[in-house]
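Visitor: Need the 3D shape of this:
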Amino acid sequence: GGGGGGVKSLYRKYQKNVWLCLVVLFKHFRQFYLSRPYLKSILLNLIGKKEESLKLKEFVVLSCDELLKFSWFNFKHHFKLYCNFLKNYSKIKKWVHSQEFNQKYIQKNCPFPPLLNPENLHYQNVLGEVAWDLNLPMPKKAQFILITASFCAHTAMIRGLRKTNLSVMVDHRDIMFEHYAFNYTNLLENNPVAINLTIYNYSTDYYYNSLKKTLFLLNSQTPVLFLMRDPVSRLKSSLNNRSGFDIKTITENDSLNIFYTKKMRYQTDIHLSLGERIEISVSKGLFKFNEIIEHLKEFNFQNFEFLDIESIQLNNIMQTFSFLSTKYHFNAPQSIEDLKYQWSSYYSGFLPLNYIYKEVEFKLTENKRENLLELTEILFLNKTKLKENIYIYTEEQNKEFVLQHKEDLKEKIETLMLKIKEVSDNEEKNNLITEKDLIEFFKNNPKYIQLLKPIFEKEVELIQQHRPDIVATWKHYLTFQNLCRKQ
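Guide: Predicted structure coming up:
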């Protein structure tokens, strides 16, 4: 909101955050440095028991160091924001009470009026998070805006872009003021920026309102790149999305049959009927492209480009990034290794998994990690029976230990990998849904065709206008359309 009331509420917010952080900082300080163990360490030191005193003091420090560091960082951060807001406070008050502000923004019902005059603004004087609260337009134009969604391989795309010279906010971070502050700061530093806006299913109304605000504050001349997918395939992936398995760590002494005593959890309960699961997926914001597109049109964005998920499959991704780098002026990755992210894993839910062998930790994962020792070549692991690769990592410092226990470790890890394959095969056979299953379900349950028809049509409307050639490759959606015609 804007006007004087909005400014006063911001002032109170910054003030309150500083006091809350100060209270938490003092609480943690008192909890540890005025605790009995710490006071006892001082007493032991006074009576000459320096070794006991030192051990007790080290114990206290180890217990509280991270918490205190975080509390201190949090306090400094919010105090800095408060000071930055105060530095601009008189200008803010003068601007929001001006006739120009009232005529330009309040009378026109602007949804996010800038609380500093954007035509007379020194962006360097305003921190990113404060700029978000003040509804300031982004200081410069980014290279492009990437808009994608859950179950469109958004993670692979974003992590690929982060391997270039572009500044791109991390994936799976749905706090939009952090996105804004990251992009704002990098644009002020003249770094090339790609703005990542992901439509996450199961997000809140607050998140979608924040997405709308973000779009409003961006330059409408910025090109918009959509990464999209056949909606039937997206629905399938949402139904197959595993939210976790009850085993995160296993030791050499555990029976591997433990995998069959625990349950895999799905985002929508697999014990419900397929129809109920479809209704839940749709109701939780699975298909929201149209909502974002309406905001783009409202805010006068017109430069649209589209990618299909197939364009970032491994056999296409280097060519795709070469095309994008030319179009949007950034440096493409030189190696396919930079773009290998397993965005659809056969072992989803079961991996990553921690394996403890003689108190040394190993991590099994479907994706490459940096700055860790990978054991495939060292142990000559046999992976020929695996459907997809599994990487095994440990800390570099454990290399000598690995070599000392090479044969036994090799046998145990190979056995573990085969068990993971076995339980994944079993999960696929018993619980996973295919697009073919969905089409058959729609044939036998036409009310779900009626439910999804308007949703799908809105979802693909813009890409159908601009890139009908992409939609023509979506065979499952085309089959769904044929079912609609027969209704």
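Visitor: Select the longest helix from the chain.
Guide: Ranked by number of residues, the top helix in the chain under DSSP state H is helix 50-96.
Visitor: and the next helix or strand after that one, what's its mean pLDDT?
Guide: Using DSSP states H and E, the helix or strand that directly follows helix 50-96 along the chain is helix 99-101. Helix 99-101 comes out with an average pLDDT of 95.
Visitor: Pull out the buried residues from helix 99-101.
Guide: Across helix 99-101, burial judged by 16 or more other CB atoms under 10 Å covers F101. (Glycine included, C-beta is placed from N, CA and C.)
Visitor: about what we covered before: by contact count, what packs against the longest helix of the chain?
Guide: Counting contacts by 3 or more CB pairs under 8 Å, 6 or more residues apart in numbering; DSSP states H and E, helix 50-96 packs against helix 3-33, helix 36-46, helix 128-133.
Visitor: Neighbouring strands of the helix or strand that the last one is followed by in the sheet, and parallel or not?
Guide: In other words, helix 128-133. Using DSSP H and E, the helix or strand that directly follows helix 128-133 along the chain is strand 144-149. Strand pairing for strand 144-149, determined by DSSP bridges: strand 194-199 (parallel), strand 224-228 (parallel).
Visitor: how far does the last one sit from the chain's center?
Guide: Think strand 224-228. Remark: strand 224-228 is offset 17 Å from the chain centroid, using CA atoms, centre = their mean, to the nearest Å.
Visitor: you'd agree A332 is up against L324?
Guide: Yes. Using CB atoms under 8 Å, A332 makes contact with L324 at a distance of 7.4 Å.
Visitor: Could you check which of these two has the larger neighbour count?
Guide: Neighbour tally, A332 and L324, criterion other CB atoms under 10 Å: the higher count belongs to L324, 25 against 19.
Visitor: What are the neighbouring residues in contact with the more buried one?
Guide: L225, F330, A332 (CB atoms under 8 Å, 6 or more residues apart in numbering).
Visitor: could you pull out the strands for the stretch 251-400 of the chain?
Guide: 264-266, 304-308, 353-357, 360-365, 373-374, 391-394 (DSSP state E, counting those that start in this stretch).
Visitor: Out of those strands, which gets the lowest mean score?
Guide: Sorting the strands of the stretch 251-400 of the chain by mean pLDDT places strand 264-266 lowest, at a mean of 86.
Visitor: outside of it, which residues touch it?
Guide: L239, N240, N241, R242, S243, G244, F245, D246, G349, F350, E427, N431.
Visitor: hang on, the earlier thing: so which of the strands of the stretch 251-400 of the chain is nearest I145?
Guide: With CB to CB as the measure, strand 304-308 is the member of the strands of the stretch 251-400 of the chain nearest I145 (10.0 Å).
Visitor: Quick one: the strands paired with strand 144-149 as CSV, columns for distance to F299 too.
Guide: CSV is the format used below for the strands paired with strand 144-149 (distance: least, CB to CB, whole Å):
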stretch, distance to F299
strand 194-199, 13
strand 224-228, 11
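Visitor: Low-confidence bits of the stretch 251-400 of the chain, can you list those?
Guide: Across the stretch 251-400 of the chain, residues meeting the criterion (pLDDT under 70) sit at 342-345.
Visitor: what do you get if the cut-off is 90, keeping everything else the same?
Guide: Counting by pLDDT under 90, the ranges of the stretch 251-400 of the chain that qualify are 257-267, 284-285, 314, 333-352, 366-370, 384-389.
Visitor: Tell me where it has helices.
Guide: Per DSSP state H, counting those that start in this stretch, the stretch 251-400 of the chain carries helices over the ranges 274-283, 289-298, 317-328, 376-379, 399-404.
Visitor: Can you tell me what sits against the first one?
Guide: In this structure, residues lying in contact with helix 274-283 by CB under 8 Å, 6+ apart are 201, 235, 238-239, 267-270, 272, 433, 437, 441, 445, 448, 451-452, 455.
Visitor: which of the contacts of strand 264-266 sit farthest apart?
Guide: L239 and D246 (20.5 Å).
Visitor: neighbour count winner among these two?
Guide: Counted by other CB under 10 Å, L239 and D246 do not tie: L239 has more neighbours, with 23 against 11.
Visitor: what sits against L452?
Guide: For L452, counting by CB under 8 Å, 6+ apart, the contacting residues are P231, L235, I278, V282, F442, F480.
Visitor: Among those, which one lies nearest to C83?
Guide: Nearest member of the contacts of L452 to C83, counting by CB to CB, is V282, at 46.5 Å.
Visitor: Okay, that closest one and K104: tell me how far apart.
Guide: 40 Å (CB to CB, to the nearest Å).
Visitor: go on, K55?
Guide: Noted for K55: a distance of 66 Å to K104, by CB to CB.
Visitor: Neighbour count: those two, which is higher?
Guide: Each of K55 and K104 has its neighbours counted (other CB under 10 Å); K104 has more, 16 against 12.
Visitor: Might you report the residue contacts of that one?
Guide: Neighbour list for K104: C110, P113 [criterion: CB under 8 Å, 6+ apart].
Visitor: cool, and V24?
Guide: S71, N74, F75.
Visitor: Give the ChimeraX command for selecting the buried subset of the contacts of helix 274-283.
Guide: Buried subset of those, written as a ChimeraX selection, criterion 16+ other CB under 10 Å:
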select :201,235,238,239,267,268,270,433,441,448,451,452
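Visitor: So which of the contacts of helix 274-283 belong to strands?
Guide: Using DSSP state E, no member of the contacts of helix 274-283 falls in strands.
Visitor: close enough to count as contact, K383 and I390?
Guide: Yes. Contact status for K383 versus I390: in contact at 7.0 Å, counting by CB under 8 Å.
Visitor: who touches both of the two?
Guide: Counting by CB under 8 Å, 6+ apart, the residues touching both K383 and I390 are M417.
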